[in-house]
Every structure is written in structure tokens, then in C-alpha cells.
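Participant: Here is a sequence with its predicted model. Questions after.
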Amino acid sequence: MKLFMSYTSPYSRKVRVLLRELDLEDSVDEVPVDPLSDPDELISVNPASKIPALETDDGLSVHDSRVILGYLASLTDAGDLYPAPNDPKRWAAMTLASHIDAILDAALAWRMEMVRQPGERSIFWQNRWKTQIERALDALPDMLNAAPAYRAYAEMLSVVALEYLDFRHQALDWRRGRPALKDLHDRWAARSSMVETQFPAG
């Protein structure tokens, strides 16, 4: 299989972490691409030129990180790392995953705004996304504690989001006033799946 990805993409990193947690990394070639340059190899798998995108050995194209996570989990016994298809508890777990994705979506949108020319940046949207992220972070510990199952899945996604904030929005200082999230991060940060997929320095 081939995974078209970027080392700076938090959505790609979610997939790369799960691959390692499920011991599937040797079955997938990670292919770094720049989606903004519309590479033919990516477009052949995902015409929208978005990452991550997975091409299976039998030619199936699977894209969107949430779909890819589900596909990978179907290849093995994912246990607590992905909600089982017929488990009623999956809906709470998937809703929590969507909450974490909202943090990533806002963080990425904020990042894209910040790389625009200074005169083109919107203070309104920057403040909007910052507020959205902070509100979602404040709610996250209680949501994690209330989750009935699949805690490892939610924690894995949470730490990817927290480290993306470290990577792109250090000034946000998500640790301040959030000891539970700091403890969560510290428990996961040393795992080989996290170390091997760290965002680039600088």
C-alpha cells in the first residue's frame, strides 16, 4: 500500500501514528507529496489533491483521514484504538473524534491565515479560530473522561492535535491552565508511534 502524506499535516500524522500503533507500518510505503503542486501520483488516487490518501495493493483509493483510519482498523484487531463497527459506544467515540478534528480544522485555517500577506490577514477570523480552539480544549478533558469506550483512540487523536498546536501555534500555550491535557500529552509523547512521526523542527 502507499500513503500519500506530508510530514507537516496533522491529518497525515493521525494515520501514520495509527499505522504504528497497529503494527502495520511495514505494509505501507509513506510517500511525501506537496498537494498544492497537484502531483500526478496524488491526483490519480485523490483527484481533489488532498492528503492523506491511501492506495491499497488491489488499487482501491481511500482518502480523508477518518476514512483511512477506519480502513486500517479493519485490517487487524484494533481493540481500543478504533471504534468497532457494531458497537453502540462507537457514536460517542466518533463524536469525540470529530470534536478533536474541529481543533485541527481551526488550527489549520488559522495557520493559513497567518501565512497570507500582513495586509490581507483577518483579525476577526484569527480571533474566531483562537477562541474556537481554546473553547474546544477546555471541554476536552471532561469529554475524554465521559467517553464510555475507545479511550486510546481519543487520546491518540488528542495528542496529535496538541502537538500540532505546539508546531504551528506555540503562542497559544495550550498547557496553561490545562493540567489534565498536559498529563495526557506527557503519557503519550514518548511512545514510539509519536516519536517516529514528530512534526519537523523549525
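Facilitator: That came through, no problem.

Participant: how many neighbours does Trp129 have?
Facilitator: Other residues near Trp129 come to 23 when the count uses other C-beta atoms under 10 Å. The C-beta positions use only the backbone N, C-alpha and C, and glycine is treated the same way.

Participant: One more: the one 3 residues further on?
Facilitator: For Gln132, the number of neighbouring residues by other C-beta under 10 Å comes to 17.

Participant: any idea which helix or strand comes after the host helix or strand of it?
Facilitator: Here Gln132, judged by DSSP states H and E, is contained in helix 123-146. Scanning forward in sequence from helix 123-146 by DSSP H and E, the next helix or strand is helix 151-168.

Participant: That next one packs against which elements?
Facilitator: helix 10-21, helix 90-114, helix 123-146, helix 179-189, helix 192-195 (3 or more C-beta pairs under 8 Å, 6 or more residues apart in numbering; DSSP states H and E).

Participant: Mind listing residues that contact it?
Facilitator: 8, 10, 13-14, 17-18, 21, 79-83, 93, 96-97, 100-101, 103-104, 107-108, 110-111, 133, 140, 144, 147, 172, 174, 181, 184-185, 187-189, 193-194, 198-199 (C-beta atoms under 8 Å, 6 or more residues apart in numbering).

Participant: Of all the residues in it, which ones are buried?
Facilitator: Residues of helix 151-168 classed as buried: 153-165, 167-168 (neighbour count, 16 or more other C-beta atoms under 10 Å).
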